[in-house]
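Asker: model this:
(one chain, ligands or ions: 2)
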Amino acid sequence: MRAAVLFSPHEPLRIEDVETPAVLEPNEVRVATAAVGLCHSDLHVIDGRVARPMPIVLGHEASGIVSEVGSAVEDVAVGDHVIACFVVFCGACRMCRAGRPAMCQDREATMRAPGAEPRLSQRGAEVQQWTNIAGFAEEMVLHRNAVTVIDRRMPLDLAAMLGCAVATGVGSARKVARVAEGDHVVVIGAGGVGLNVCQGAALAGAATVIAIDRSDERLRLAQERFGATHGINTSEVADAAAAVRALTDGGADHVFEAVGVPGLIGIALDATARGGSVWAVGVFGDEAEIAFPAGHLHAGKGVQGVRAGSLEPQKDLPRLVEEYLAGRLELDALAGRRIPLEQINDGIADLEAGVGARTLVVFQPIE
Ligand SMILES: [Zn+2]
Ligand SMILES: [Zn+2]
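Answerer: Ligands and ions are numbered 1, 2, ... in the order given. Have a look, this model is predicted:
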C-alpha cells in the first residue's frame, strides 16, 4: 500500500510503497483509510521540534472502514466505520481502570512486542508508526483500542477531525474544566483547538465566551460559527486582560490557553476572576518554563494542565458524532481543502503558512 513517509526532518514527505503484516495479531484491526487530517503536531515532527526515529509515517486523526479483525476482537466487525484516535489505551493499567484512558500509563501494551514483525516496513526494515496510528497511508494496522466504531451516517471525511482538535477542544471545556451554565469563559487562540474550546463552552451553557486572537478572520469564525460571544484582537487591544475584566465584572471563571506560549499564562491569570482557573491546553515545548506572580495563588486562582481533553474515545467520540448528526456540533466550518495523498506536501505547506481551516487527505472511495 502507499504511504507518505518522512525520512528526515525538513524534507518533503515521499509517497512510497510500505508493507503491512499479512497476519494480524489477535488484538489488532486492519482499516482502509478514508480520510486523515493534517495537524500541527505532525508538523512538529517534520520541522524537527519533536524528535522521533525515522523513517516514520505521520498522521494521527484518521477515519476509515475496517477490512479485517484479529482473532480476539469481538466488538469490531469488518465493514464498521471507525475513527482512529491517538488516545490509544491499554485498558488494564491503573489510569485505564479508573476510566481515564487519556492518561494511560502503558502504551507499550498497545504496540507490537520488540522483535515481532513491525506494523509498517519497507523491504524488511521497520517504518515507525506515529502515535500508534500512522494515518498518512492507504491502510492502517492498529490495536483494537485505537479505533472507535461510529454511526455509518457520519461523513467519514468530517469524522477524521473528531479524534484530535474537536475532542481536545470540546473535551477541555466540557470534561476537564466542567464549564457550567452562566460561566464567563475566555479562550486565548482561535485555531482548530481554540475554536472547539469555544464550541464546548457554548454547548455547556457559558454566558460569555470571549475569543482572543490576532486574526480578525479567526475571531469572526469563532463568533459566527463556534459560539463565541465576543472577540478581542490583540493587535488592536493593548491590554486584553483588562478588556476581559471589563466584560466579565472582574474576570473570567475559566481561561483556556490554546496556543502554547509560556508568556500567555500570565495574561490568562490576569484575565481570571478570584477563585477561577487557567487551563493550559496548548502544547508547550518540553523545556519551556512558566513563571507568574505568586499573588495569583493567594487570589485562589489555579493553573492546570490538560491532556487530550481527558478524552474517553469509546464514550466521547460516538457522542460527538450524535451531536453533529443532530445539528448541534459545528464541523463543516473546520474542514478546508480535500486533497489526494499525492498532494500531501501542499497541505503541509498550508499548515506551515497557517492558511485556512483543516486540510484533509481523502483516499479513494472504498464502498
Ligand atoms: Zn492533532
Ligand atoms: Zn492503560
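
Asker: any idea of the pLDDT on the residue of the stretch 151-300 of the chain found nearest ligand 1?
Answerer: Taking C-beta to the ion, ligand 1 has its nearest neighbour within the stretch 151-300 of the chain at Cys164, 3.4 Å off. In short, each C-beta sits where N, CA and C put it, glycine included. pLDDT for Cys164: 90.

Asker: send the alpha carbons of the helix or strand harbouring Ser41 over as PDB?
Answerer: Here Ser41, judged by DSSP states H and E, is contained in helix 40-46. Extracted C-alpha coordinates of helix 40-46, given in PDB (Å, rounded to 0.1, in the frame of the first residue of the first chain):
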ATOM      1  CA  HIS A  40       0.200  20.900  13.900                       C
ATOM      2  CA  SER A  41       1.600  18.000  15.900                       C
ATOM      3  CA  ASP A  42       2.500  16.300  12.600                       C
ATOM      4  CA  LEU A  43       4.300  19.500  11.500                       C
ATOM      5  CA  HIS A  44       6.300  19.500  14.800                       C
ATOM      6  CA  VAL A  45       7.900  16.200  13.700                       C
ATOM      7  CA  ILE A  46       8.500  17.400  10.100                       C
END
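
Asker: re earlier: ok, the residue of the stretch 151-300 of the chain closest to ligand 1 - contacts?
Answerer: Shown in contact with Cys164 (C-beta atoms under 8 Å, 6 or more residues apart in numbering): 37, 39, 41, 60-61, 85-86, 192.

Asker: could you identify the buried members of the residues you listed?
Answerer: 37, 39, 41, 60-61, 85-86, 192 (16 or more other C-beta atoms under 10 Å).

Asker: quick one: residues contacting Ala335.
Answerer: So Ala335 contacts 157-158, 161, 357-358, 360 (C-beta under 8 Å, 6+ apart).

Asker: how many residues are close by Glu138?
Answerer: Residues within reach of Glu138, counting by other C-beta atoms under 10 Å, total 16.

Asker: and if you look at the one 10 residues further on?
Answerer: Look at Thr148: counted by other C-beta under 10 Å, it has 26 neighbours.

Asker: what's the closest of the contacts of Cys164 to ligand 1?
Answerer: For the contacts of Cys164, the nearest to ligand 1 is Cys39 (3.1 Å; C-beta to the ion).

Asker: give me phi/psi at the nearest residue to the closest one once chain neighbours are set aside?
Answerer: Of all residues not flanking Cys39 in the chain, Cys164 sits nearest, at 5.5 Å (C-beta to C-beta, 6 or more residues apart in numbering). The phi/psi pair for Cys164 (degrees, to the nearest 10) reads phi -120, psi -90.

Asker: how about Leu142?
Answerer: Per degrees, to the nearest 10, the backbone of Leu142 is at phi -130, psi 150.

Asker: can you give me the neighbour number for it?
Answerer: Quick note: Leu142 (other C-beta under 10 Å) scores 28 neighbours.

Asker: now do the contacts for it.
Answerer: Leu142 neighbours (C-beta under 8 Å, 6+ apart): 28-31, 84, 88, 119, 132-133.

Asker: and if you look at Thr234?
Answerer: 212-214, 240.

Asker: quick check: Val179 touching Gly200?
Answerer: Yes: using C-beta atoms under 8 Å, Val179 is in contact with Gly200, at 7.1 Å.

Asker: what do those two both touch?
Answerer: Ala173.

Asker: which of the two has more residues huddled nearby?
Answerer: Neighbour totals were compared for Val179 and Gly200, and Gly200 leads with 31 against 26 (other C-beta under 10 Å).

Asker: which residue is the nearest non-sequential neighbour of that one?
Answerer: Closest to Gly200 by C-beta to C-beta, 6+ apart is Ala173, at 3.1 Å.

Asker: burial measure for the one you found, as a count.
Answerer: Other residues close to Ala173 by other C-beta under 10 Å number 31.

Asker: mind putting the contacts of Ala335 into CSV with neighbour count?
Answerer: Converted to CSV, the contacts of Ala335 look like this (neighbours: other C-beta atoms under 10 Å):
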residue, neighbour count
Asp157, 19
Leu158, 21
Met161, 26
Ala357, 18
Arg358, 25
Leu360, 25
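
Asker: report the lowest-confidence entry in these.
Answerer: Ala357 (77).

Asker: and for that residue, nearest residue in space, chain neighbours not counted?
Answerer: Using C-beta to C-beta, 6+ apart and skipping residues adjacent in sequence, the residue nearest Ala357 is Gly336, 3.6 Å away.

Asker: can you list the buried residues in the host helix or strand of that neighbour?
Answerer: Using DSSP H and E, Gly336 falls within strand 335-339. For strand 335-339, burial by neighbour count (16+ other C-beta under 10 Å) applies to 335-337, 339.

Asker: what segments of the chain are helices?
Answerer: Counting by DSSP state H, the segments of the chain that form helices are 40-46, 94-97, 156-161, 167-171, 192-203, 216-225, 240-247, 264-270, 295-298, 313-325, 344-353.
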